[in-house]
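Student: For reference, the sequence and a predicted model appear below.
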Amino acid sequence: MTYHTEALIIELEALARQLRVESLRMIYRRQAGHPGGSLSAAEIMAGLFFHHLRLDPQNPDWPERDRFILSKGHASAVLYAALALGGFLTLDDLKSWGDLDCRLQGHPDRLKTPGVDMSTGLLGHGIAVGAGLALAARLQKLNYRVYTLLGDGECQAGIVWEGAMLAAKYHLNGLTAILDYNDVQLDGPVHEILPLEPLIGKWRSFNWHVIEINGHDLRQILESLDLAQEIHDRPTLILAHTTKGKGVSFMENNAHWHGAVIDSLQYKRALAELGQEVTE
Amino acid sequence: MTGMSMREAYGQALADYGEQHPLIVTLDADTASSTFSNFFARRFPDRFFNIGIAEPCLVDVAAGLALGGLVPFANVFASLLSLRALEQIRTCVCYAQTNVKLVGHYAGVSDYKDGPTHHSITDIATLRALPQMVVIVPADSIEAAAWVPLIAEYAGPVYLRISRAETLSVHSLPPVLQIGKGIQLRPGNDVTLVSCGAMVGRSLLAAQALQNAGIEARVIEMHTLKPLDAEILVKAAEETGALVTAEEHSIIGGLGSSVAEVLSGNCPVPLERVGIADTFARTGPDPETLMDALGLGVNDIFLAAQRAAARKLKSRRIA
């Protein structure tokens, strides 16, 4: 396991903040999108896209690149922001999100957007599709790893557990799932809509290796991603405790901000809280 | 008759094809001994994945394997594939355009023993409605085997509909097949019988009976339900002036609906549709008896052809 310098952590924290700003910019501009789950995943996405994943923005189809599936496809804003800051897109591209014939669909589309490995949107597919990809890597003796970011609400879907059983059956150590556990879904708190607990117990009993972290702590994120590579007999779930709407006080832990859009006052206030001047 | 069920012929062809093509992988959802994907499994255990009774997972894993550059053949009963896994097919195969071959077994009412829960009489309707999907319905065992290399080499989603039964033999040799190109099996200018799957052999028998009654019926095998061969249909409508469709599928959304969609916009002529009425089928003693009881008999095609021909004559008299 590599030691992560304080300088790296600080740099990634700044990038996570920037992912929040760009996500909100996109959602405000378009007056559509999902702010809550984009903000909760900012550190996870920063850790993946700006440090951990082996990617080449100049060659987005590089056969040996690590694969990333945004199973919680509604957080497309933070994915597009990461692709822009990561060099797959330009910041200008982000302005076209949602335009007719633009490259950025409402939810990720692998055929239209460079850097998107799988089209997602309806929840639940990341684990099972990721398991297929990890099997393919093994059969073809390629070294890439497969990552998928899940929402907590989608763990209510049966397909997640079908995929989890299958990945464990084949000991797919090349598959790592990160669960953005912000405990808020569209209609309210996850623990009220359909409780998932004991969630760690569930994943462990499905023969996954589980690492529990604070999903806003970049050092923990990087270390857990490294640790997952040390597990050789099973897939790993990184259960990342997060706050929905993290970084914008009035959005935090509020189900309203799962898919609500922001007006100009809210936008200014949100960006101010993120230490960003509003220029539009 | 080859003495071999369609599923067995398919299973052998897939295993044979896998011999020369290492990118072919096969999946099943706990039906490998029924679909005969176990022929492949025995020869290539490392390239076979039994997903268990989890059809949505079957399709998603196949999509992942395809994303990784492999050519997955995903096998399970057509009823489960087309109903339980439909969202996965829509999103992860069609929308994402992954190179997945979906093979729906025990199609139509060929699983006569198990009854309506196991029948698949709406799969053509649902799958042909999905953008990007190719839908293939072979007529007999020889043809089913012949499709395996073709669909493997086609880049994109395909649905192959396989009967549990040994259907009436249509082809004595592997036919020349092209996706989207119907086959004229018999000439005739009084009426055209358009059919797919197990109803092709029955349509040929009906055409013989019609000849004895003085009606020369053209017979077209429409093995590709999507993309549909509009050219052969319009030509048949222009030249014979009346059509009959015959399918082992619900009357809603299948071959008859597909043909009606083409004719209505191009060459509207009398069309009679033979299919399963808007109802669930039932358990039967064997596929042939059950199909007869459901209005899919040779005589049903014969009578439909007479009706279509009579409507043609009547409309011409009025004109």
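Tutor: Good, I have the coordinates.
Student: Tell me the buried residues in stretch B:162-179?
Tutor: If you call a residue buried by 16 or more other Cβ atoms under 10 Å in any protein chain shown, then stretch B:162-179 has these buried ones: B:162-171, B:175, B:177, B:179. Placement of C-beta: from N, CA and C, glycine included.
Student: Residue 244: neighbour count?
Tutor: Picking chain A for this. 28 (other Cβ atoms under 10 Å in any protein chain shown).
Student: nope, chain B please
Tutor: 31.
Student: And A:S249, by the same measure?
Tutor: Neighbours of A:S249 (other Cβ under 10 Å): 11.
Student: For residue 125, list the residues it contacts.
Tutor: Looking at chain A here, since you left the chain open. The neighbours of A:H125, taking Cβ atoms under 8 Å, 6 or more residues apart in numbering or on different chains as the test, are A:I69, A:S71, A:M118, A:I159, B:D60, B:A63, B:Q88, B:T91, B:C92.
Student: To clarify, I was referring to chain B.
Tutor: Neighbour list for B:A125: B:H249, B:S250, B:I252, B:G253, B:G254, B:S257 [criterion: Cβ under 8 Å, 6+ apart].
Student: before we move on, what about B:L83?
Tutor: The contact partners of B:L83, taken as Cβ under 8 Å, 6+ apart, are B:T122, B:D123, B:T126.
Student: buried set for the host helix or strand of A:V160?
Tutor: Applying DSSP states H and E as the criterion places A:V160 in helix A:158-169. By neighbour count on 16+ other Cβ under 10 Å, the buried set for helix A:158-169 is A:I159, A:V160, A:W161, A:E162, A:G163, A:A164, A:M165, A:L166, A:A167, A:A168.
Student: residue contacts, the fifth one?
Tutor: When you say that, I think you mean A:G163. For A:G163, the contacting residues are A:G126, A:I127, A:A128, A:V129, A:G130, A:A131, B:C57, B:D60, B:V61, by Cβ under 8 Å, 6+ apart.
Student: rerun that using 6 Å as the cut-off
Tutor: By Cβ atoms under 6 Å, 6 or more residues apart in numbering or on different chains, the contact set of A:G163 is A:I127, A:A128, A:A131, B:C57.
Student: so can I have a markdown table of the residues you listed showing distance to B:S34?
Tutor: Output for the contacts of A:G163, formatted as a markdown table (distance: Cβ to Cβ, whole Å):
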| residue | distance to B:S34 |
| --- | --- |
| A:I127 | 27 |
| A:A128 | 23 |
| A:A131 | 24 |
| B:C57 | 18 |
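Student: What about A:I10? Give its phi and psi, please.
Tutor: With angles defined as degrees, to the nearest 10, A:I10 sits at phi -60, psi -40.
Student: Not counting residues beside it along the chain, what's closest to B:A206?
Tutor: The shortest distance from B:A206 to any non-neighbouring residue, by Cβ to Cβ, 6 or more residues apart in numbering or on different chains, is to B:I301 (3.8 Å).
Student: Wait, a strand at that neighbour?
Tutor: No. Going by DSSP: H, G, I helix; E, B strand; the rest coil, the assignment for B:I301 is helix, not a strand.
Student: And for it, the neighbour number?
Tutor: Around B:I301 there are 28 residues (other Cβ under 10 Å).
Student: Hmm, it is touching B:V274, no?
Tutor: Yes. Here B:I301 reaches B:V274: they are 5.5 Å apart, a contact under Cβ atoms under 6 Å.
Student: Around chain B, which positions in chain A sit nearby?
Tutor: Residues of chain A lying near chain B by Cβ under 6 Å from any Cβ of the partner chain: A:110, A:119, A:122, A:125, A:128-129, A:131-133, A:136, A:159, A:162-163, A:166.
Student: Kindly reformat the buried residues of helix A:158-169 as TSV containing pLDDT and distance to A:D99.
Tutor: As requested, those are exported to TSV (pLDDT from 0 to 100; distance: Cβ to Cβ, whole Å):
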residue	pLDDT	distance to A:D99
A:I159	98	32
A:V160	98	33
A:W161	98	38
A:E162	98	36
A:G163	98	34
A:A164	98	37
A:M165	98	41
A:L166	98	38
A:A167	98	37
A:A168	98	42
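Student: Fine by me, thanks again.
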